[in-house]
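Colleague: Need coordinates for the following:
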Amino acid sequence: MQALVFDADNKLKLDPNYQDPQPGVDEAVIRPLRMGVCATDLEICRGYMGFTGVLGHEFVGVVEQVGKKSAKDWIGKRVVGTINCVCGKCDMCRGGLPEHCRDRTVLGIAGRDGCFADLFTLPLRNLLEVPEHVDDDHAVFTEPLAAAYQIVRQLTIEGRPFVTVLGDGRLGLLCAQVMSQLNATVRCVGKHTDKLALCEKWGVKHRLLEDVGMRADQDIVVDCTGSASGLGTAMRMVRPRGKIVLKTTVAPNAKNPPVDLSPLVVHEIQLIGSRCGPFTEALSALSQQKVDVLSLISRRAKLADGVDALNTAAQPDIVKVLLEP
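Modeller: Reported below is the predicted structural model:
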């Protein structure tokens, strides 16, 4: 089969003869219908997580094969899937935090080949069936939208706080829509006029970063910049005893200056890391069309053109690139 691989020589390539996956006893083989390129995929190609193998973790696909006969009802179903593959036995799993399993593998990110291939595997316990009325273009956004809804789970909204979503990329624009559903005054701040213009149709306030005064007056700042400088900017925006939600992950880079964390202490700022989120809520929101995802699609490409597609996704004017078989 063909697969988009980041190899041990730090090269991204399309391998036309990658070995077909075989399901474990509790796993399914999935044929992807749509795949989404994420900022994490781009960071992996810059050294993030030290991962080698097949990239990709955002998908909607069809179950082609299962590892045990008792699960045959899954065959033919259209599914999305959570990306953390867990042991179910460690203290994190037993304590209700399986996303932080001590022995987890993560689809296309850590220890497990991803979905940028003709076929891939996931545990059956990770799968969710997609409602018939949710099409592939919507369903492929389930994983990043779930990450946006995770913020809502982690915050307690009191009064009507001032919230800045910092970053106008893929995740930032999803987070801006989700946060605007709360009882809060929300704005999206970024560097790209064309991307911020999408906020107009959603009724979300937006500003260019260069036009924003760093007054330390925001109750909550959500860093979706995908940049090592994002946290420093967030600390200049948030008020004393405010909250920063950090969604950014970047590869270590000697060119990035160290971040001065002293404002966290001096101003008693809460820093909240936020990663994967609730797929059920994301699928429900897509089903009810609470979030506009189609406007985020900038380009489409075939898996065979995946190398060029990832290069395109890294361009500053691009929001979301989707891959198709």
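Colleague: Distance check, the residue nearest to D219 when sequence neighbours are not counted against D305.
Modeller: Spatially, and ignoring its direct neighbours in sequence, D219 is nearest to P161 (3.6 Å; C-beta to C-beta, 6 or more residues apart in numbering). Where C-beta positions appear, they are placed from N, C-alpha and C, glycine not excepted. To D305, P161 is 44 Å away according to C-beta to C-beta, to the nearest Å.
Colleague: So which residues of the stretch 151-300 of the chain form helices?
Modeller: Taking DSSP state H, counting those that start in this stretch as the criterion, the stretch 151-300 of the chain carries its helices at 170-179, 193-196, 198-202, 230-237, 262-266, 279-287.
Colleague: mind giving me a markdown table with these and columns for mean pLDDT?
Modeller: Converted to a markdown table, the helices of the stretch 151-300 of the chain look like this (pLDDT from 0 to 100):
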| stretch | mean pLDDT |
| --- | --- |
| helix 170-179 | 97 |
| helix 193-196 | 96 |
| helix 198-202 | 95 |
| helix 230-237 | 96 |
| helix 262-266 | 96 |
| helix 279-287 | 97 |
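Colleague: Could you look over those helices and pick the most buried one?
Modeller: Mean neighbours per residue, mean count of other C-beta atoms under 10 Å, is largest over these for helix 170-179, with a mean of 27.
Colleague: Show residues contacting that helix.
Modeller: 38-39, 141, 144-145, 147-149, 151-152, 163, 165-166, 186, 188, 190, 195, 198-199, 202, 204, 206, 222, 224-226, 247, 285, 291-293, 296, 319-320 (C-beta atoms under 8 Å, 6 or more residues apart in numbering).
Colleague: Okay, domains of the chain per the record?
Modeller: Domains of the chain are assigned by automatic domain parsing as 3-141+293-324, 148-273.
Colleague: Looking at these, which is nearest to F279?
Modeller: The closest of the domains of the chain to F279 is domain 3-141+293-324. By C-beta to C-beta, the value is 5.4 Å.
Colleague: The residue lying closest to T193 once chain neighbours are set aside: what's it in contact with?
Modeller: Nearest residue to T193, sequence neighbours excluded (C-beta to C-beta, 6+ apart): L208, at 6.8 Å. By C-beta under 8 Å, 6+ apart, the residues touching L208 are V189, G190, K191, T193, L196.
Colleague: Mind doing that once more with 7 Å?
Modeller: K191, T193, L196 (C-beta atoms under 7 Å, 6 or more residues apart in numbering).
Colleague: residue boundaries of the strands in the stretch 201-325 of the chain?
Modeller: Along the stretch 201-325 of the chain, counting by DSSP state E, counting those that start in this stretch, strands occupy 205-208, 218-223, 238-246, 270-273, 297-302, 320-324.
Colleague: Mind putting those into a markdown table with distance to E281?
Modeller: What follows is the strands of the stretch 201-325 of the chain, written out as a markdown table (distance: least, C-beta to C-beta, whole Å):
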| stretch | distance to E281 |
| --- | --- |
| strand 205-208 | 24 |
| strand 218-223 | 17 |
| strand 238-246 | 17 |
| strand 270-273 | 18 |
| strand 297-302 | 22 |
| strand 320-324 | 20 |
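Colleague: So which of the ones you listed is nearest V63?
Modeller: Here strand 320-324 is closest among the strands of the stretch 201-325 of the chain (C-beta to C-beta), at 18.2 Å.
Colleague: Mind listing residues that contact that closest one?
Modeller: So strand 320-324 is in contact with 34-37, 116, 140, 170, 296-303, 306, 309, 312-313, going by C-beta under 7 Å, 6+ apart.
Colleague: what about burial for those, which qualify?
Modeller: 34-37, 116, 140, 170, 296, 298-299, 301, 303, 306, 309, 312-313 (16 or more other C-beta atoms under 10 Å).
Colleague: In this protein, which residue is most central in space?
Modeller: A centroid search over the chain (C-alpha atoms, centre = their mean) returns P144, at 3.7 Å, as the residue closest to the centre.
Colleague: which SS class is that one?
Modeller: helix (DSSP: H, G, I helix; E, B strand; the rest coil).
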